[in-house]
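Enquirer: Could you look at this predicted model? Sequence included:
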Amino acid sequence: MTRYKTIGRALAACLAAGLLLTGCQRGSRTPAAEPVELPAVAQQHADGLAALQAAWSSRTSDSGTTLRLYYDDTHSMLGFVKGNGGSNRFVYLLDAAIDQAFGMVNAPENGVEKVEAYTLVDASPDDGVNQELSWQQVDMSGTLRNFFMVDSFYTGDHTGHREGTLNHTFADGTVAQMGPLARLFQDGSTPFADDGLTILVSDLQEQGFDLNTLSSGLLDYCKRVPSAKVCIVAAQSSFSGQLSVPVYSISGTGTDIASIDGYTGEVPFYCIIAGPANLVDSFCAGLRQTMGGDSANLLFTTFSTAEASVGQPLTFSLAPNTMVNVTAADLAAGSVSGGTDADSSAPAGGSSSESGRRGARTSANGVNHVVNLRAPVYARRGDSGLVSEHIDKVWGSANINSLAPAEGQTNIFTAVVGRGSESCSAFGSYAQMAAYAELGSGLSAACAENGAAPANDTYWIDPAEIELYEQTASGWAAADSNALGCVEVRFETVDGPLEEYATGQSLLAENRHVAYLRVRVDGATVSGGGLFKDDTAYYLSVPVHTSLNASTVTGAEKLQELSANLAQHRTALEGLARAGANYSWTASTDEARAAAAAQFCKTPKLDELVKSLSNYFQSASTVSDVQYVDLLFTAQAASSRR
């Protein structure tokens, strides 16, 4: 994918934080006379970048994280492990979730230190008394993995069930059932620890249709942890046995659970994942991989805050001057030649082919560097034709001499503009600075899942925020706004693999994701017909935002389609044949079973849960962290150039 932004009058996107082009040498080898004292904003921008990088490191530090998996072992879940003889999507996904939990512990880069599992257990198991159930820790491997397929693992009224009751005595003295989800938040507790990754597996068939408690708990967690992400994985699976669904006023005492004996059919279940965004993404990626082709039958709905620094602060490298002594005739179509540096970390293609007037010199590992390409260069991806007709100018630097960054300065470079005898005559009075930054493969994968492109919505600029200063005898002051018309910037984000359209030479290798910025300054001064003052220092400041400037909710509309209409749900249930206190699936008519199956493959009040989460995240203010690109340059009068 290629994204470009071109601003004529404003310097539109020198991506990075403080790319500083400094000084201006009058001769080809003459050092700058006196260093220019930078405006106060330069240090402010450098300090701001350091703070952003520290905040990013803190947000993405996962050392000591605990993964907690909560498994709803109430009676309504038993039919999932019986469906299709235990060979079904639910069983596969639960196995995959357990495998992924242990896998994240075994992968140190995830920072998950340990895993814990919780199920509903009564106070004194095996004493023959049904005491109130509470969520208690169990061994994930020895208990959950080994026994979740066994009838006696589940609470309820079936033969050999685990002891326990959902009855609860409330503060007003009334006794009623408290559902498994409400018990997660009993007495002020919460499963969503600020420093952990939480997995909840349930059918969400809660007493009283009460998903509000779960919704409130998730929202409270996200408010406490702004960088948190929530993913609801929904799926249908075969079910066989006694189906339990919430219903209004069967007993006349409010809300109850209705049971349908002998049910066979598809029933939805859910895996709710909440935690740091990178861990949620990693867990979901593991589920997809383990589930293989069947992952297409899983619906992933994600909710995440519009938090600053969704995009990691970038570290840019300045491309050296690759256009030394190049004339306009050298910039012929299809010319992709240029020098390379074996030690350079420049974005790499995968070809050692040669083309162009000078031929492409390759590094020791046979890799060409995209930043050294001449242009016009047109890129294509596979057989899909041109990716962008806007990759049509020199990708390297011209008429500058880049120097090493100053000690302790990240993304701050100095360069001399207009190198006299070393200048590129094809550019005339113009100087071009090119820089690049790796976006990383993880960003592309994560944004693809969220329905956003890697850098289109993550790294962006507002041209109205660009400022230009000039140095005067009394200090720095705002420059004439017309001078901005002498500066042009192009910002592009490019995903590999890409190849040159005419020659087939590799431009960018597969799985490479790179941001390019090119800043072109017309150095002509007033005496040369330009707008800049002769031999005056100018300071261009460009704020670059890093945030996911897009919708932070994906998949919500499809998830809401799994919500049952309460009136239709109740009508379908009452259309089934009664068998004592329960309903009988086998004794019901085909027409009644068809109507009921259409409702039982959905979840009552799921839409309210989805809407509450969607409203919160979509109404959150889009905020962004800001990095700055600072360009210091001097426009030399014509008489001072060689």
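Expert: Nice, thanks for sending it over.
Enquirer: wait, residue 604 sits on residue 566?
Expert: Yes. If you go by C-beta atoms under 8 Å, residue 604 and residue 566 touch, sitting 5.9 Å apart. C-betas here are computed from N, CA, C, even on glycine.
Enquirer: between the two, who's got more neighbours?
Expert: Shown here are residue 604 and residue 566; by other C-beta atoms under 10 Å, residue 604 has more neighbours (22 against 15).
Enquirer: before we move on, the earlier item: where do the contact lists of residue 604 and residue 566 overlap?
Expert: residue 209 (C-beta atoms under 8 Å, 6 or more residues apart in numbering).
Enquirer: The closest residue to residue 178 other than its chain neighbours: what secondary structure?
Expert: Of all residues not flanking residue 178 in the chain, residue 168 sits nearest, at 4.0 Å (C-beta to C-beta, 6 or more residues apart in numbering). Using DSSP: H, G, I helix; E, B strand; the rest coil, the structure places residue 168 in strand.
Enquirer: Residue 143 reaches residue 118, doesn't it?
Expert: No. At 10.5 Å, residue 143 does not count as touching residue 118 under the criterion of C-beta under 8 Å.
Enquirer: between these two, who's got more neighbours?
Expert: residue 118 (21 against 16).
Enquirer: what are the pairing partners of the helix or strand hosting the more buried one, and which direction each?
Expert: Here residue 118, judged by DSSP states H and E, is contained in strand 112-122. According to DSSP bridges, strand 112-122 forms sheet pairs with strand 65-71 (parallel), strand 133-138 (antiparallel).
Enquirer: of those, which approaches residue 439 most closely?
Expert: Nearest to residue 439 among the strands paired with strand 112-122 is strand 65-71; the distance by C-beta to C-beta comes to 24.9 Å.
Enquirer: Residue 98 and residue 149, how far apart?
Expert: Distance of residue 98 to residue 149, computed by C-beta to C-beta, to the nearest Å: 12 Å.
Enquirer: circling back: pick the most buried one from the strands paired with strand 112-122.
Expert: Most buried of these, by mean neighbour count (mean count of other C-beta atoms under 10 Å): strand 65-71, with a mean of 22.
Enquirer: Could you list the residues in contact with it?
Expert: If you take C-beta under 8 Å, 6+ apart as the criterion, strand 65-71 is touched by 94, 97-98, 101, 104-105, 110-119, 135, 140, 144, 148, 184, 191, 193, 195-202, 275-276, 279.
Enquirer: list the helices and strands whichever helix or strand comes after it packs on?
Expert: Along the chain past strand 65-71, the next helix or strand (assigned with DSSP H and E) turns out to be helix 78-82. For helix 78-82, the contact count by 3 or more C-beta pairs under 8 Å, 6 or more residues apart in numbering; DSSP states H and E identifies helix 89-105, strand 228-248, strand 255-276 as packing neighbours.
Enquirer: please redo it, this time with the cut-off set to 6 Å
Expert: strand 228-248 (3 or more C-beta pairs under 6 Å, 6 or more residues apart in numbering; DSSP states H and E).
Enquirer: what separates residue 127 from residue 165, distance-wise?
Expert: 13 Å.
Enquirer: Compare neighbour counts for the two and give me the winner.
Expert: residue 165 (15 against 10).
Enquirer: quick one: contacts for the residue nearest to that one when sequence neighbours are not counted?
Expert: Nearest residue to residue 165, sequence neighbours excluded (C-beta to C-beta, 6+ apart): residue 130, at 4.4 Å. Residue 130 makes contact with 163-165, according to C-beta atoms under 6 Å, 6 or more residues apart in numbering.
Enquirer: Adding secondary structure, distance to residue 87 and pLDDT, write those out as CSV.
Expert: Formatted as CSV, the contacts of residue 130 follow (DSSP: H, G, I helix; E, B strand; the rest coil; distance: C-beta to C-beta, whole Å; pLDDT from 0 to 100):
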residue, secondary structure, distance to residue 87, pLDDT
163, coil, 29, 77
164, coil, 29, 79
165, strand, 32, 82
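Enquirer: for these, which one is nearest residue 513?
Expert: Closest to residue 513, out of all of the contacts of residue 130 and judged by C-beta to C-beta, is residue 164, at 51.4 Å.
Enquirer: Please give me every residue in contact with the residue lying closest to that closest one once chain neighbours are set aside.
Expert: Among residues not flanking residue 164 along the chain, residue 122 sits closest, at 3.5 Å (C-beta to C-beta, 6+ apart). Residues near residue 122 by C-beta under 6 Å, 6+ apart: 131, 133, 163-164.
Enquirer: Give the buried subset of the contacts of strand 65-71 as a PyMOL selection command.
Expert: Per 16 or more other C-beta atoms under 10 Å, the buried members of the contacts of strand 65-71 correspond to this PyMOL selection:
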select buried, resi 94+97+98+101+104+105+110+111+112+115+117+118+119+135+140+144+148+184+191+193+196+197+198+199+200+201+202+275+276+279
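Enquirer: Could you list the low-pLDDT ranges of the stretch 1-150 of the chain?
Expert: Along the stretch 1-150 of the chain, the parts satisfying pLDDT under 70 run over 1-36, 55-63.
Enquirer: One more pass at 50, please.
Expert: Within the stretch 1-150 of the chain, the segments meeting pLDDT under 50 span 1-33.
Enquirer: So the residue nearest to residue 178 sits against residue 179, correct?
Expert: No. Applying C-beta atoms under 6 Å, one finds residue 168 not in contact with residue 179, separated by 9.6 Å.
Enquirer: From residue 187, how far off is the closest residue in space to residue 235 that isn't next to it in sequence?
Expert: Using C-beta to C-beta, 6+ apart and skipping the chain neighbours, the partner closest in space to residue 235 is residue 298 (5.0 Å). To residue 187, residue 298 is 34 Å away according to C-beta to C-beta.
Enquirer: if you count what's nearby, which of those two comes out ahead?
Expert: residue 298 (18 against 6).
Enquirer: what are the phi and psi angles of the more buried one?
Expert: Torsion angles at residue 298 (phi, psi; degrees, to the nearest 10) stand at phi -100, psi 130.
Enquirer: Give me the pLDDT for it.
Expert: pLDDT for residue 298: 95.
Enquirer: Same check on residue 565?
Expert: Value for residue 565, per-residue pLDDT: 89.
Enquirer: burial of it, as a residue count?
Expert: Around residue 565 there are 13 residues (other C-beta under 10 Å).
Enquirer: now it, nearest residue through space, not along the chain?
Expert: residue 599 (7.6 Å).
Enquirer: Assign the one you found to helix, strand or coil.
Expert: Relying on three-state DSSP, one would call residue 599 helix.
Enquirer: Look up how far residue 200 lies from residue 138.
Expert: Residue 138 is 15 Å from residue 200, where distance means C-beta to C-beta.
Enquirer: Check which helix or strand residue 612 maps to.
Expert: Taking DSSP H and E as the definition, residue 612 sits inside helix 606-619.
Enquirer: Quick one: residues contacting the closest residue in space to residue 139 that isn't next to it in sequence.
Expert: Closest residue to residue 139 apart from its sequence neighbours, by C-beta to C-beta, 6+ apart: residue 117 at 6.9 Å. Residue 117 makes contacts with 69, 138, 140, 144, as judged by C-beta under 6 Å, 6+ apart.
Enquirer: same deal with residue 120?
Expert: 73, 133, 180.
Enquirer: and it, bridged to which residues?
Expert: Note on residue 120: beta-bridge partners by DSSP bridges are residue 135.
Enquirer: can you check residue 515 too?
Expert: residue 437, residue 493.
Enquirer: Verify the contact between it and residue 435 for me.
Expert: No. Contact criterion C-beta under 6 Å: residue 515 and residue 435 do not qualify, at 8.8 Å.
Enquirer: wait, what's in contact with the nearest residue in space to residue 275 that is not next to it in sequence?
Expert: Of all residues not flanking residue 275 in the chain, residue 197 sits nearest, at 3.5 Å (C-beta to C-beta, 6+ apart). Taking C-beta under 6 Å, 6+ apart, we find residue 197 in contact with 67, 275, 279.
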